[in-house]
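**Student:** need coordinates for the following:
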Amino acid sequence: YKLLVDLAPAHALPAFGFRILAEEAAFAKALSDASLKQIPELSARNDANWPTCRKVIAEVGPAPALRLAMALFKQSRELRDLELVAAAYKAVDSFTRKQTWLP
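**Tutor:** Reported below is the predicted structural model:
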């Protein structure tokens with residue numbers, strides 16, 4: 001699947017991206033924030049995807065981690081996900097903090 005992502009990311013990421021991340025969360029480091037946004041399962045709407053979302057948050061940079069952690073917390077409302085939001089919020093730069101609206 002990774003080869004498909006390299007060759008045709010626009011088509012492969014929405015179809016296979018989450019499956020790859022579920023097997024190897026470290027693959028998220030190789031993806032840009034725009035690429036991560038193409039993977040619909042990372043919106044955390046399905047609670048079966050939450051464990052993988054948590055793993056991905058630990059692997060990506062601060063700004064994507066904050067966006068993903070906020071999406072996860074909005075769906076789960078669990079304390080551990082709030083802690084992920086707090087950690088990601090502290091890790092981003094001050095400009096990103098000023099732009100972030102925390103519900």
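**Student:** using the three-state scheme, assign the most centrally placed residue in the chain.
**Tutor:** Among the residues of the chain, the one closest to the centroid is L68, at 4.1 Å (C-alpha atoms, centre = their mean). Taken by DSSP: H, G, I helix; E, B strand; the rest coil, the conformation at L68 corresponds to helix.
**Student:** so it makes contact with L42?
**Tutor:** Yes - counting by C-beta atoms under 8 Å, L42 is a contact partner of L68 at 6.0 Å. Bear in mind the C-beta positions are built from the backbone N, C-alpha and C, glycine included.
**Student:** common neighbours of the two, please.
**Tutor:** Taking C-beta atoms under 8 Å, 6 or more residues apart in numbering as the criterion, L68 and L42 both touch L36, C53, V56.
**Student:** filter these down to just the ones in helices.
**Tutor:** L36, C53, V56 (DSSP state H).
**Student:** I'd say the first one and S43 touch.
**Tutor:** The one in question is L36. No - applying C-beta under 8 Å, one finds L36 not in contact with S43, separated by 10.6 Å.
**Student:** out of the two, which sits in the more crowded spot?
**Tutor:** Between L36 and S43, L36 has the larger neighbour count (other C-beta atoms under 10 Å), namely 20 against 15.
**Student:** got a list of what the more buried one touches?
**Tutor:** Per C-beta under 8 Å, 6+ apart, neighbours of L36: A28, L42, V56, V60, P64, L68.
**Student:** pLDDT value on the closest residue to the residue nearest to the centre of the chain other than its chain neighbours, please?
**Tutor:** Closest residue to L68 apart from its sequence neighbours, by C-beta to C-beta, 6 or more residues apart in numbering: I57 at 5.0 Å. In this model, I57 is scored at 97, pLDDT.
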